[in-house]
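Undergrad: quick check, what structure comes out for this input:
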Amino acid sequence: MRVVVADTGPLRYLLAIGHIDILPKIFGTVSIPTMVHDELRHPSAPTLVRHWAATPPSWLEVLLVAARHDPELQILDPGEKAALSLGLSLHADLILIDDRKGVTVAVQKGFEVTGTLGLLIRAAQQGILDFPTALERLKETNFHYRQELLDDLLARNKAQKQ
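TA: Numbering: from 1, shown residues only. Model (predicted):
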């Protein structure tokens, strides 16, 4: 099984659109650092997210990670920094992250990376969800996207179904 580490963003958005269950179906287990767990339980997090994080599912591993004094990680927020540090510690195969700076640093560190959109595409390819419906739900959140990217993804999804 692949070693997968998640940052806060993809977890929050998957929860918001009712598709957090795709993660164990695709990956089995997902690991997060305690910092990400703390962000999910923070009072400013949506109630749904806080309740879910209060009693994490068995497929979610919350792990303590030692701080790394890596200059490349210093530009990231604490959750992203912790997620990449955990990924480095575990020799992760994949990092789930949405933030552009985080993605850039993760790729520079040699990780395969995917974000919320990539997770939805994978799930759709495996027949776990309907991509256009999931995308409509995602658009109702504060998820940042470029319309041309979404249009391209919808066109590809449609072509794959034909």
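Undergrad: whichever strand or helix holds E61 - contacts with which helices or strands?
TA: In this structure, E61 is located in strand 60-63 according to DSSP states H and E. Applying 3 or more C-beta pairs under 8 Å, 6 or more residues apart in numbering; DSSP states H and E, one finds that strand 60-63 makes contact with strand 30-33, helix 34-41. Backbone N, C-alpha and C define where each C-beta goes, glycine included.
Undergrad: next SSE after that strand?
TA: Counting by DSSP H and E, what follows strand 60-63 is helix 78-90.
Undergrad: surely A54 meets R41?
TA: Yes: look at A54 against R41 with C-beta atoms under 8 Å: they come within range, at 6.4 Å.
Undergrad: looking at the two, which is more packed in?
TA: It is R41, of A54 and R41, that has more neighbours when counted by other C-beta atoms under 10 Å, with 15 against 10.
Undergrad: picking up where we left off before, quick one: strands adjacent to the strand holding E61?
TA: With DSSP bridges as the test, strand 60-63 is paired with strand 30-33 (parallel).
Undergrad: one step back: got TSV for the helices and strands packed on strand 60-63, with mean pLDDT and distance to S85 too?
TA: Listed next are the helices and strands packed on strand 60-63 as TSV, based on pLDDT from 0 to 100; distance: least, C-beta to C-beta, whole Å:
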stretch	mean pLDDT	distance to S85
strand 30-33	98	7
helix 34-41	97	9
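Undergrad: burial-wise, tell me which of these comes out on top.
TA: strand 30-33 (a mean of 25; mean count of other C-beta atoms under 10 Å).
Undergrad: run the chain-centre distance for it.
TA: When distances are taken as C-alpha atoms, centre = their mean, to the nearest Å, strand 30-33 is centred 10 Å away from the chain's centroid.
Undergrad: residues in contact with it?
TA: Identification of contacts with strand 30-33 by C-beta atoms under 8 Å, 6 or more residues apart in numbering yields 3-7, 11, 23-24, 59-65, 79, 82-83, 85-86, 90, 92, 96.
Undergrad: go again using 7 Å as the cut-off
TA: 4-6, 23, 59-63, 65, 82-83, 85-86, 90 (C-beta atoms under 7 Å, 6 or more residues apart in numbering).
Undergrad: the longest helix belonging to the chain - what's its average pLDDT?
TA: Counting residues, the longest helix in the chain under DSSP state H turns out to be helix 147-161. The average pLDDT within helix 147-161 is 74.
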